[in-house]
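Student: this one's structure only:
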């Protein structure tokens, strides 16, 4: 395998990251030149036994103090702003990004496309499309690392992490786990295959896709009996799920929480954590009963209901 010192720049932020890196290297080299080169020179010039003029030199102290205070402040503040801008770009997925679910487990990456295609240790994406990865871990801490894209994100048990990129070069690029995760950590490698958009669409069709993530989630929703409480039940008072995702949810204590992926996951696995206002804690925990990728399927189904009017509201409006 070929492991160049600097992999090709294959994403929208790779060039920005490299420029920032070389900027830091250049500043470090300049600091060495300004501080250490004169210091070494004076060590030899004024060493013991050498004839040298050691009379005090009177210099304008105030201008010197101001200069070496103001210039570093400007330079390092500029570097901070530069780095913050790159970080801000990396950490804010655009709203039109295509979402793909990634689950790390010992020792593989399980990848699920919304159309139903599933991969292990491979990720096919279209060129020039914003890609958002929702990353979770089934067991221990992993780290999803794409050197050519200059991005990395930890997969932490019990938490969802987001990572996004926009591929700008066609080809096959390395995928690693960069967090030691057990005996076969070094074998937890894969590839990202960037394809032209039309070739990607053909791959989706020819890849024997199964049911979509939302369809799989609906199947699990019915299989685990969730419809008995959340769909028109007159016995158990459960919150409606239609239109829930992306909404601000009032809680029993008077706080509000955004119904994002993390909130939905906690509601499935830790239902007593954030109880919605007006409801009691009647839901059983599915911790240990659902694999992480199954939880993602359920979340995909609930997200698919985000533009649906809740049944109770629809009934009241008639």
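Tutor: Nice, thanks for sending it over. Keep in mind it's a predicted model, so treat the numbers as computed, not measured. Numbering: from 1, shown residues only.
Student: how far away is the spatially most distant residue from the centre of the chain from residue 191?
Tutor: Distance from the centre of the chain peaks at residue 51, with 62.3 Å (C-alpha atoms, centre = their mean). Plainly put, residue 51 is 67 Å away from residue 191 if you go by C-beta to C-beta, to the nearest Å. Every C-beta, even on glycine, is put in place using the N, C-alpha and C of the backbone.
Student: cool, residue 230 as well?
Tutor: Counting by C-beta to C-beta, the gap from residue 230 to residue 191 is 40 Å.
Student: so the two - more neighbours on which side?
Tutor: Shown here are residue 230 and residue 191; by other C-beta atoms under 10 Å, residue 230 has more neighbours (19 against 14).
Student: next one: phi and psi at that one?
Tutor: phi -90, psi -10 (degrees, to the nearest 10).
Student: same question, residue 147
Tutor: The phi/psi pair for residue 147 (degrees, to the nearest 10) is phi -60, psi -40.
Student: count the residues that sit near residue 86.
Tutor: Close neighbours of residue 86, defined as other C-beta under 10 Å, add up to 15.
Student: doesn't residue 18 make contact with it?
Tutor: No: using C-beta atoms under 8 Å, residue 86 is not in contact with residue 18, being 10.3 Å away.
Student: what is in contact with those two at once?
Tutor: Common neighbours of residue 86 and residue 18 (criterion: C-beta atoms under 8 Å, 6 or more residues apart in numbering): none identified.
Student: so what touches the helix or strand containing residue 301?
Tutor: Assigned by DSSP states H and E, residue 301 belongs to helix 292-304. For helix 292-304, the surrounding residues in contact (C-beta under 8 Å, 6+ apart) are 101, 103, 105, 110, 112, 114, 134, 136-138, 212-218, 220-221, 241, 244-245, 261, 264-265, 268-269, 286, 290.
Student: the residues you listed in helices, which ones?
Tutor: 213-218, 220-221, 261, 264-265, 268-269 (DSSP state H).
Student: tell me the buried residues in stretch 251-266?
Tutor: 257, 259, 261, 263-266 (16 or more other C-beta atoms under 10 Å).
Student: do the same with stretch 75-90
Tutor: residue 90.
Student: tell me how far that stretch lies from the chain's centre.
Tutor: Chain-centre distance of stretch 75-90: 19 Å, with C-alpha atoms, centre = their mean, to the nearest Å.
Student: between the helix holding residue 301 and helix 261-269, how big is the angle?
Tutor: Calculated by axes from the mean of the first three to the mean of the last three C-alpha atoms, to 10 degrees, helix 292-304 forms an angle of 110 degrees with helix 261-269.
Student: same question for helix 292-304, mean pLDDT?
Tutor: Across helix 292-304, pLDDT averages out at 89.
Student: break this protein down into its structural domains.
Tutor: Under the assignment automatic domain parsing, the domains of the chain span 14-91, 98-206, 213-316.
Student: would you single out the least confident of these?
Tutor: domain 213-316 (a mean of 81).
Student: that domain: how far from the chain's middle?
Tutor: On C-alpha atoms, centre = their mean, the centre of domain 213-316 falls 24 Å from that of its chain.
Student: how about stretch 144-155?
Tutor: 9 Å.
Student: go on, stretch 150-162?
Tutor: 5 Å.
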